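Participant: sequence and predicted structure, then a few things I'm wondering about:
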Amino acid sequence: QVQLVESGGGLVQAGGSLRLSCVASGRTIMTYATGWFRQAPGKEREFVAAISRSGTTTDYADSVAGRFTISRDNAKTTLFLQMNSLKPEDTAVYYCAARNSELLHQNVRFNDYWGQGTQVTVSS
């Protein structure tokens with residue numbers, strides 16, 4: 001099993017940046033496909049970004065492509081999400097996810113492990 005702990009959320013003005021981190025413990029992050037989801041109040045949890053287990057493939061939701069960048073530090077077993085040009089509609093709780101497979105699934109139910117979430121609030 002792997003435990004995931006997110007950090008880095010906060011309050012930022014529109015146009016600003018934040019960097020989220022997700023530290024994996026229990027097993028190396030390279031064992032899993034990993035990524036980020038988010039959930040806004042009253043909405044379902046949605047896919048944001050993913051990186052494959054091999055690290056060779058990344059994927060982004062259309063709403064964040066070109067603004068967000070996913071990366072990982074294998075040595076530190078940490079997953080990152082660099083968020084630039086933030087918009088009020090990016091406000092949500094952001095969750096780190098992992099799946100024991102080459103690719104993360106964009107459907108929430110098919111991923112295996114979740115962090116507790118970190119709040120991101122973007123003011124207009």
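Facilitator: Noted; the coordinates are in hand.
Participant: and the closest residue to residue 106 other than its chain neighbours, what are its bridge partners?
Facilitator: Nearest residue to residue 106 in three dimensions, chain neighbours excluded: residue 47, at 4.2 Å (C-beta to C-beta, 6 or more residues apart in numbering). All C-beta atoms are positioned from the backbone trio N, CA, C, and that covers glycine. Applying DSSP bridges to residue 47 gives these bridge partners: residue 37.
Participant: hang on, residue 47 packs against residue 61?
Facilitator: Yes - using C-beta atoms under 8 Å, residue 47 is in contact with residue 61, at 5.5 Å.
Participant: who has more neighbours, those two?
Facilitator: residue 47 (21 against 16; other C-beta atoms under 10 Å).
Participant: quick one: contacts for that one?
Facilitator: Taking C-beta atoms under 8 Å, 6 or more residues apart in numbering as the criterion, residue 47 is in contact with 35, 37, 61, 106.
Participant: any idea of the pLDDT on the third one?
Facilitator: It refers to residue 61. Model confidence at residue 61, given as pLDDT, is 98.
Participant: from residue 100, how far off is it?
Facilitator: 22 Å (C-beta to C-beta, to the nearest Å).
Participant: what does the last one give?
Facilitator: Between residue 106 and residue 100 the distance, using C-beta to C-beta, works out to 16 Å.
Participant: for the closest residue to residue 118 other than its chain neighbours, what are phi and psi?
Facilitator: Once flanking residues are discounted, residue 118 sits nearest to residue 9: 3.4 Å by C-beta to C-beta, 6+ apart. Residue 9 adopts backbone torsions of phi -70, psi 170, taken as degrees, to the nearest 10.
Participant: list the contacts for the closest residue to residue 74 other than its chain neighbours?
Facilitator: Leaving aside its sequence neighbours, residue 74 sits nearest to residue 30 (C-beta to C-beta, 6+ apart; 5.3 Å). Going by C-beta under 8 Å, 6+ apart, residue 30 touches 53, 55, 74.
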